[in-house]
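A.B. asks: Below is the sequence, then the predicted model.
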2 protein chains.
Amino acid sequence: MVTIRDVAAAAGVSTATVTRALTKPETVATPTADRVRQAVQDLGYRPNLVARSLRRRTAQVVGLVMQDIETPHFMSVCRGAEDALREHSYSATFCNTDDKLDRERAYLEVLVDQSVAGIIMTPASATESDLGWLHDRGLPVVTLEMELSGAVDSVYSDNQAGACAAVRHLLEAGAARPACVTGGRDVPSAQDRLAGYQQALRRAGLPLEPDLWAFTDYREEQGEAAVRALFALPQPPDALFLANSRLLVGALRALRALGRQVPDDVTLASFDETPLMELLTPPVTTVRQRAYEIGQRAAQLLLERIGGYAGPARHITLMPELIIRSSSIRPDPTDPTDLTKLTDYSQ
Amino acid sequence: MVTIRDVAAAAGVSTATVTRALTKPETVATPTADRVRQAVQDLGYRPNLVARSLRRRTAQVVGLVMQDIETPHFMSVCRGAEDALREHSYSATFCNTDDKLDRERAYLEVLVDQSVAGIIMTPASATESDLGWLHDRGLPVVTLEMELSGAVDSVYSDNQAGACAAVRHLLEAGAARPACVTGGRDVPSAQDRLAGYQQALRRAGLPLEPDLWAFTDYREEQGEAAVRALFALPQPPDALFLANSRLLVGALRALRALGRQVPDDVTLASFDETPLMELLTPPVTTVRQRAYEIGQRAAQLLLERIGGYAGPARHITLMPELIIRSSSIRPDPTDPTDLTKLTDYSQ
DNA sequence: CTGCCTAGTGTAATCGATTACATTGCCGAT
DNA sequence: ATCGGCAATGTAATCGATTACACTAGGCAG
């Protein structure tokens, strides 16, 4: 392996000069810099990033601590962050917490041990994620999914507003008793989406019935179970709001098994747009988050902090967008102009 | 920050003994080891992984170099690999090549610079990916998606067999002129899936018509364009085989725009099972790869190499599974027992 | 002409853990 | 009693790059 010493020898300078020529060329005489560059070329020298990290006490690596990269939304977030980081020669290390505090903690510790330059994370708990511990170490952090992250930079996709818009729409489109299936009880995004649902109900003057919402792990199986349970109620809901795309899959399975038709028997809206949403029958109304952009912006904020920005915490809020499709619109048998009746959604 | 020196001082031993007590406890007297453990506890010492990596000349990190983590299949592969790696205290760094050789090369170099312990990769090109370069550096590598990777360990999901099975099924289910939309011309998995398609045609005694296959970047847009082009042919196909799930999305968009009904006008089969496939109308026949397991097995092979295994290259082949659903079965108007006719797939 | 400043470069310490090699002391064999 | 051998521990070199500090030479002001 060719080291900086070899380059120094080849260029007839000291190792210090090599470093300077490569990282701060303006501090080195032009002909010297040229000789160094030539030697680097000739020998195929590449700096050992581990040694650099040790000396600088920080690696050109950022930790991405997410609920679950298998969720389409987070894949896109990661991809957005990764692309932005790569542009600045940073690498990304991914950690899946599955929204479990102990896993979150363990990963954060490993990341600290690896001297990462910063962390982008979706806190597993609104109250118990230990951001202070990171902050004390002077480690830049950007949180996602937390509306008010206090002293920490954050990118927030307005979950509450998105959920509220979706549920208001369900109500306006004919629903009388919408239910909500959300994520974990302590999970910030799950709380906010439930809060949005409740806000919409209150706004419409409807009572809040705790039977009509369910906490899950944001996965298909628990989504399916939750929907089955909702339809086992004495008074089942006539509309469903699903707090992410995996819960939607579970819900669709449950509805199919129960023989309930969408939108005739139940109307439906879901968080998270994916390419297949418009291709389902009926197409599904979704709340679209700009996932890629969330990742990108988070990376930018983080890179600025890493670069030394020491100003007050910045909070970026991105508004999600409601994409209305026919799953959420109850066909009105009394309205002959109701477009939804023109399409046959049977099966 | 508490270093090994602090621990040594607190335990009244040398730093060498601390290291030994922590990594090879059997070489240290029990009471000494206890004192060291106690000191570690008291001080909250955590080894600096960067320093360790520098000295050991290898980091507890593995590079995952994939086409694109935004593809559901690779997400699962990554998740499988990551879970297996974490169990052995390795971290994963992800790199998206988008099947471009220059990106692949750049990422491999960065990974080498970071002293990763090994690499799991889907080569961007069957012929030009520079595996030898890695091998020369003694870096363990596991390839995915390459049937015969020579001297390098590999996990192969039998793309050709999977594609062949799907196309045979299309033919048996009534198709006469199936088309194939695959990935990039040099991309191993894309080649193999096309080869499987061709194999099925040959087997059925059908001619190979180059007009009936198309190379793409494995993304929705090019999938849509390819399908539109196929249906602009003087003699359009009556069945489509899509080489991944993103191409399927593009195909469905194109078919909808063209007003072609599935399975009446065209039958359909796609590589890659995702949770929504069974929920589409009609449900889509897919070739299911055991993506999570592919990642897991690859990680295991790699960890064995990292652990010193020096035997001959191992090649694991996983057989994908054909999941037959109604998208691929052409309703037969002359057969009164044809079950597919019992379901109304209109719109 | 002297002294100060600066540009350019070199020397050597440093980051923190690991490990080759050296040392100590004890046991059992001769 | 002596010595080989081994268990337990310490000393110090090492991994490769960065950087604090030191030095030199030339330019310029006084």
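C.D. replies: That came through, no problem.

A.B. asks: Next to DNA strand C in this structure, residues from the stretch 51-200 of chain A, please.
C.D. replies: Listed as neighbours of DNA strand C in the stretch 51-200 of chain A under the rule Cβ under 7 Å from any atom of the strand: A:Ala51, A:Leu54, A:Arg55, A:Arg57. In short, each C-beta sits where N, CA and C put it, glycine included.

A.B. asks: So which elements touch the helix or strand that contains the third one?
C.D. replies: Here A:Arg55 is covered by helix A:49-56, with elements defined by DSSP states H and E. On a contact count with 3 or more Cβ pairs under 8 Å, 6 or more residues apart in numbering or on different chains; DSSP states H and E, helix A:49-56 meets helix B:49-56.

A.B. asks: what angle separates the helix it packs on from helix A:49-56?
C.D. replies: Helix B:49-56 and helix A:49-56 are oriented at 130 degrees to each other (axes from the mean of the first three to the mean of the last three Cα atoms, to 10 degrees).

A.B. asks: what does the helix or strand following helix B:49-56 contact?
C.D. replies: Downstream of helix B:49-56, the first helix or strand assigned by DSSP H and E is strand B:61-66. Here strand B:61-66 makes contact (Cβ atoms under 8 Å, 6 or more residues apart in numbering or on different chains) with A:93, B:74, B:77-78, B:81-82, B:85, B:90-97, B:104, B:107-108, B:111, B:114, B:116-122, B:299, B:302.

A.B. asks: got the CA positions of strand B:61-66 in PDB?
C.D. replies: Extracted C-alpha coordinates of strand B:61-66, given in PDB (Å, rounded to 0.1, in the frame of the first residue of the first chain):
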ATOM      1  CA  VAL B  61     -17.700  -2.300   8.200                       C
ATOM      2  CA  VAL B  62     -18.900  -4.000   5.100                       C
ATOM      3  CA  GLY B  63     -19.800  -2.100   1.900                       C
ATOM      4  CA  LEU B  64     -23.100  -2.900   0.100                       C
ATOM      5  CA  VAL B  65     -22.800  -1.800  -3.500                       C
ATOM      6  CA  MET B  66     -26.200  -2.200  -5.100                       C
END
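
A.B. asks: From A:Asn159, how far off is A:Pro188?
C.D. replies: Distance of A:Pro188 to A:Asn159, computed by Cβ to Cβ, to the nearest Å: 8 Å.

A.B. asks: Identify the contacts common to those two.
C.D. replies: In contact with both A:Pro188 and A:Asn159: A:Glu145, A:Glu147, using Cβ under 8 Å, 6+ apart.

A.B. asks: give me the residue from chain A nearest chain B.
C.D. replies: Closest to chain B within chain A is A:Thr281: 3.6 Å, counting by Cβ to the nearest Cβ.

A.B. asks: how much space is there between that residue and A:Leu303?
C.D. replies: 43 Å.

A.B. asks: What pLDDT does the model give A:Ala151?
C.D. replies: A:Ala151 carries a pLDDT value of 82.

A.B. asks: which residues sit in contact with it?
C.D. replies: If you count contacts by Cβ under 8 Å, 6+ apart, then A:Ala151 has A:His135, A:Ala313 around it.

A.B. asks: what about it, distance to A:Asp136?
C.D. replies: A:Ala151 sits at a distance of 11 Å from A:Asp136 (criterion: Cβ to Cβ).

A.B. asks: and what of A:Leu258?
C.D. replies: Distance from A:Leu258 to A:Asp136, by Cβ to Cβ: 51 Å.

A.B. asks: what about those two, which has more around it?
C.D. replies: Neighbours were counted for A:Leu258 and for A:Asp136 using other Cβ atoms under 10 Å in any protein chain shown; A:Leu258 has more, 14 against 9.

A.B. asks: that older thread, which one is the residue of chain A closest to chain B nearest to, not counting chain neighbours?
C.D. replies: Excluding its sequence neighbours, the residue lying closest to A:Thr281 (Cβ to Cβ, 6 or more residues apart in numbering or on different chains) is B:Thr281, at 3.6 Å.

A.B. asks: I'd guessed that neighbour sits against A:Val262; true?
C.D. replies: No - using Cβ atoms under 8 Å, B:Thr281 is not in contact with A:Val262, being 11.1 Å away.

A.B. asks: Those two - which one has more neighbours?
C.D. replies: A:Val262 (23 against 20).

A.B. asks: Any chance you could list what contacts stretch A:76-86?
C.D. replies: Stretch A:76-86 is contacted from outside by A:62, A:64, A:66, A:69, A:91-92, A:94, A:120, A:144, A:291-296, A:298-300, A:303, B:69-70, B:94, B:96, using Cβ under 8 Å, 6+ apart.
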